[in-house]
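Visitor: this is a predicted model, with the sequence first.
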Amino acid sequence: MQTNMSKPPIAPRHILVVDDEPYVCDAVRMMLAFDGHQVETAASGKEALALFNKVKFDLVITDYAMPGMKGDELAASIKVISPAQPVVLITAYAEMLKSAETPLTGVDFIVSKPFLLENLREAIEKTTPRKLSPPPPTN
């Protein structure tokens, strides 16, 4: 199976990635940077909220299972501050959460672990669907 590693036709975003596992933050940051996105990371919900209050992000991508503040709690807190802020949740519990009777407050899209760059691209496109302007004509 061949994976499409060419860059997608979407404008670069400013993205906040939140995960308590440093290697996951780094992996997601590198995947998103491959597509030209500007990525900042936080190791906890508390750290993410402090950063979110100082910086404007096009998208927040957060892990679900984190100590202190779970990803859905972070999403709900972010939506109180900025109701239109897109939030993507990355989790190994996607099917369980999607079928739960109580919907996740503040979560706009769920990506199931393990995931590929294509899954992140889909989440970005569905939550922040801005296309690149066509390139200027060359003379």
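Guide: Done, it's in.
Visitor: roughly how far apart are the residue nearest to Ser82 when sequence neighbours are not counted and Asp19?
Guide: Distances taken as C-beta to C-beta, 6 or more residues apart in numbering put Phe52 closest to Ser82, at 7.9 Å, once the chain neighbours are dropped. C-beta here means a position set from N, CA and C on the backbone, and glycine is covered the same way. Note on Phe52: its distance to Asp19, by C-beta to C-beta, to the nearest Å, is 15 Å.
Visitor: out of these two, which sits in the more crowded spot?
Guide: Asp19 (25 against 22; other C-beta atoms under 10 Å).
Visitor: measure the more buried one to Asp26 for me?
Guide: 9 Å.
Visitor: quickly list what's touching both of these two.
Guide: Residues touching both Asp19 and Asp26 (C-beta atoms under 8 Å, 6 or more residues apart in numbering): Thr41.
Visitor: pLDDT weak spots in this structure?
Guide: Along the chain, the model assigns pLDDT under 70 to residues 1-9, 94-103, 130-139.
Visitor: all helices for it, in order.
Guide: For the chain, applying DSSP state H gives helices covering 22-34, 45-52, 71-81, 94-99, 117-127.
Visitor: format those as a markdown table; extra columns: distance to Pro12.
Guide: Supplementary listing: the helices of the chain in a markdown table, determined by distance: least, C-beta to C-beta, whole Å:
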| stretch | distance to Pro12 |
| --- | --- |
| helix 22-34 | 9 |
| helix 45-52 | 19 |
| helix 71-81 | 21 |
| helix 94-99 | 26 |
| helix 117-127 | 10 |
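Visitor: geometric centre of the chain: which residue is closest?
Guide: Ile61 (2.4 Å; C-alpha atoms, centre = their mean).
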